[in-house]
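Engineer: I would like the atomic coordinates for the input below:
(one chain, ligands or ions: 1)
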Amino acid sequence: MTAVRSDGALAQIDPELASILADEEERQRSSLALIASENYASVAVRQVSGSIFTNKYAEGYPGKRYYAGNQWVDSAEALAIERAKRLFSAEHANVQPHAGSQANMAAYFATLNIGDTVLAMELAQGGHLTHGASFNFSGKLYRFVHYGVRRDTEVLDYDEIEAIARREKPKLIVAGATAYPRIIDFERFRAIADTVGARLMVDMAHIAGLVAGGVHPSPVPHADVVTFTTHKTLRGPRGGAILCRQELARKVDSAVFPGLQGGPLEHAVAAKAVAFHEALQPEYRVYQRQVVSNCQALAAHMGRLGARIVSGGTDNHLFLLDLTPLGLDGQQASDKAELAGLILNKNLIPFDPLPPTRASGLRVGTACVTTRGLGESDMAQVGEFLFRALVAPDEEALLAIRADVRAMLDDFPAPFLTPLMPAEAR
Ligand SMILES: Cc1ncc(COP(=O)(O)O)c(C=O)c1O
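Structural biologist: Numbers count the residues shown, from 1 in each chain. This next block holds a predicted model:
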């Protein structure tokens, strides 16, 4: 009797999914990705993400697993931990969180009791759902109070954050954002936390790559616990991770497992090891510098074309475009841009009068286009495509831009999108 085999080519086993995958590959190849939270993982990262580590159950940690057969899983996870610690000069790393939200949940479990007060950035002004949105687990389990940006400058107001902290006496202060274009002063956050006897958590999900590349100050020397995602600017596999001081190591580890997860996704953990290795190479710093230079060039060009840039510019990999002067909302703008081959997301701007489903802004990020190989000199062209799309009168005009985008991208072939299997095997 022969065993049921499933090692044939995807196209033979599941032509329907193979065709969907091919369509997605074509979409990624032929559009300009400007979503600030995305990137293109390397072929090496994807190889390990799609590897046989997916077959293994490994509840526990290296050297302390519940199941047998974890010798090589242990090696891979130990390597990921060691590299994460080296990359960020951290005392302890946990690389098992399935995603950024789980990393944040584990950090809360490790530092708070249910009902404790936490001070974090307002979702509507750039914070994340897991920073206390009322419909998220964070807002349901803890008492969140929020800080935001100043109305006149649209940047964080540290004096106000300190005043709120003194008034509310949080047990934890969370720094970090999902849509904030400026450098965050972690030293100042530490000082505020110390003033009120709070712990400091930094969610560097968006800027982890910039921190690793040395183009944003690191939160690690200042924070008790730092969470991040590995798939945004860091350019690794989809996933999360936590760094902390030794003093919190046991609490963090047991919050992740068995606190909130079961078997870790060891194919993702092993791929995180590859991503950290890539981030430790000298060329990674060059890449991250280019991400920021491209972002500043693109924001400046959009400004010259007449768009309003929230806070007047950017220090990192993203900026926010206020669409109000153009008479569009974010949904209309992202729909128009998508037809023109430019992929980005609508976003609330500070003090936005519109609901999140419409929003007055677009969030624009340069991590993907920089991986694709575009430089500052290409940003004028990208800005022009985007501006033309926003003011385009009809579908015909948008499709004309789409043709121009495709023609431009022909010069940037994207080898990292190469399928892992040769065409005849797919
Ligand atoms: C600041 C911040 N924290 C956490 C997350 C959550 O990450 P994930 O989507 O992997 O759960 C995000 C995702 O956008 C984020 O921007």
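Engineer: roughly how far apart are the residue in the chain that the ligand sits nearest to and Q331?
Structural biologist: Checking the chain residue by residue against the ligand with Cβ to the nearest ligand atom singles out G100 as nearest, at 2.4 Å. Any C-beta I mention is one placed from the backbone N, CA and C, and that applies to glycine too. Using Cβ to Cβ, to the nearest Å, one gets 24 Å for the distance from G100 to Q331.
Engineer: same check on R46?
Structural biologist: Counting by Cβ to Cβ, the gap from R46 to Q331 is 32 Å.
Engineer: where does pLDDT dip in the stretch 151-300 of the chain?
Structural biologist: Low-confidence segments of the stretch 151-300 of the chain (pLDDT under 70): none present.
Engineer: can you map out the strands along the stretch 101-250 of the chain?
Structural biologist: Per DSSP state E, counting those that start in this stretch, the stretch 101-250 of the chain carries strands over the ranges 117-121, 143-147, 172-175, 199-203, 225-229, 240-244.
Engineer: let's have the ones you listed in TSV, adding mean neighbour count.
Structural biologist: Formatted as TSV, the strands of the stretch 101-250 of the chain follow (neighbours: other Cβ atoms under 10 Å):
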stretch	mean neighbour count
strand 117-121	25
strand 143-147	20
strand 172-175	27
strand 199-203	25
strand 225-229	29
strand 240-244	28
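Engineer: A403: which of these is closest?
Structural biologist: With Cβ to Cβ as the measure, strand 225-229 is the member of the strands of the stretch 101-250 of the chain nearest A403 (34.3 Å).
Engineer: coming back round to it: in contact with the residue of the chain closest to the ligand: list those residues for me.
Structural biologist: 128, 130, 203, 205, 227-229, 240 (Cβ atoms under 8 Å, 6 or more residues apart in numbering).
Engineer: intersect these with the contacts of the ligand.
Structural biologist: Applying Cβ under 6 Å from any ligand atom, the subset of the contacts of G100 adjacent to the ligand comprises 128, 130, 203, 205, 229, 240.
Engineer: now the stretch 301-426 of the chain, which segments are flagged as low pLDDT?
Structural biologist: Low-confidence segments of the stretch 301-426 of the chain (pLDDT under 70): 421-426.
Engineer: let me see the ranges of the helices in it.
Structural biologist: If DSSP state H, counting those that start in this stretch is used as the criterion, the helices of the stretch 301-426 of the chain fall at 330-339, 367-372, 376-391, 395-409.
Engineer: how about the stretch 101-250 of the chain?
Structural biologist: 137-141, 158-168, 186-196, 208-212, 246-254.
Engineer: and those, which is most packed in?
Structural biologist: Ranked by average neighbour count under the criterion mean count of other Cβ atoms under 10 Å, the helices of the stretch 101-250 of the chain are headed by helix 208-212 at a mean of 27.
Engineer: residues near the residue nearest to A179 when sequence neighbours are not counted, how many?
Structural biologist: Leaving aside its sequence neighbours, A179 sits nearest to G126 (Cβ to Cβ, 6 or more residues apart in numbering; 4.4 Å). The criterion is other Cβ atoms under 10 Å. On that basis, G126 has 27 neighbouring residues.
Engineer: so what's G126 up against?
Structural biologist: Applying Cβ under 8 Å, 6+ apart as the definition, the contact partners of G126 turn out to be 148-149, 177-180, 350.
Engineer: pLDDT score for it?
Structural biologist: The per-residue pLDDT reported for G126 equals 93.
Engineer: against T366, how distant is it?
Structural biologist: If you go by Cβ to Cβ, the gap between G126 and T366 works out to 18 Å.
Engineer: circling back to that earlier point, adding distance to A400, write the contacts of G100 out as a markdown table.
Structural biologist: Formatted as a markdown table, the contacts of G100 follow (distance: Cβ to Cβ, whole Å):
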| residue | distance to A400 |
| --- | --- |
| H128 | 37 |
| T130 | 41 |
| D203 | 41 |
| A205 | 37 |
| T227 | 43 |
| F228 | 40 |
| T229 | 36 |
| G240 | 41 |
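Engineer: and for L243, nearest residue in space, chain neighbours not counted?
Structural biologist: Closest residue to L243 apart from its sequence neighbours, by Cβ to Cβ, 6+ apart: A90 at 3.9 Å.
Engineer: next, the contact list for the one you found, please.
Structural biologist: The contact partners of A90, by Cβ under 8 Å, 6+ apart, come to 84, 220, 226, 243-244.
Engineer: tell me, which of those residues make contact with the ligand?
Structural biologist: Restricting the contacts of A90 to those adjacent to the ligand (criterion: Cβ under 6 Å from any ligand atom) removes every one of them.
Engineer: I'd like the residues you listed as CSV, with distance to S19 appended.
Structural biologist: Formatted as CSV, the contacts of A90 follow (distance: Cβ to Cβ, whole Å):
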residue, distance to S19
A84, 37
V220, 45
V226, 41
L243, 41
C244, 44
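Engineer: between these, which is nearest S293?
Structural biologist: Looking at the contacts of A90 and their distance to S293, the nearest is V220, at 24.3 Å (Cβ to Cβ).
Engineer: where's that closest one relative to L248, distance?
Structural biologist: In this structure, V220 and L248 are 13 Å apart, going by Cβ to Cβ.
Engineer: now R65
Structural biologist: Between R65 and L248 the distance is 23 Å, computed by Cβ to Cβ.
Engineer: can you tell me which residues in the stretch 51-200 of the chain are near the ligand?
Structural biologist: Taking Cβ under 6 Å from any ligand atom as the criterion, the stretch 51-200 of the chain approaches the ligand at residues 99-101, 104, 128, 130, 176-178.
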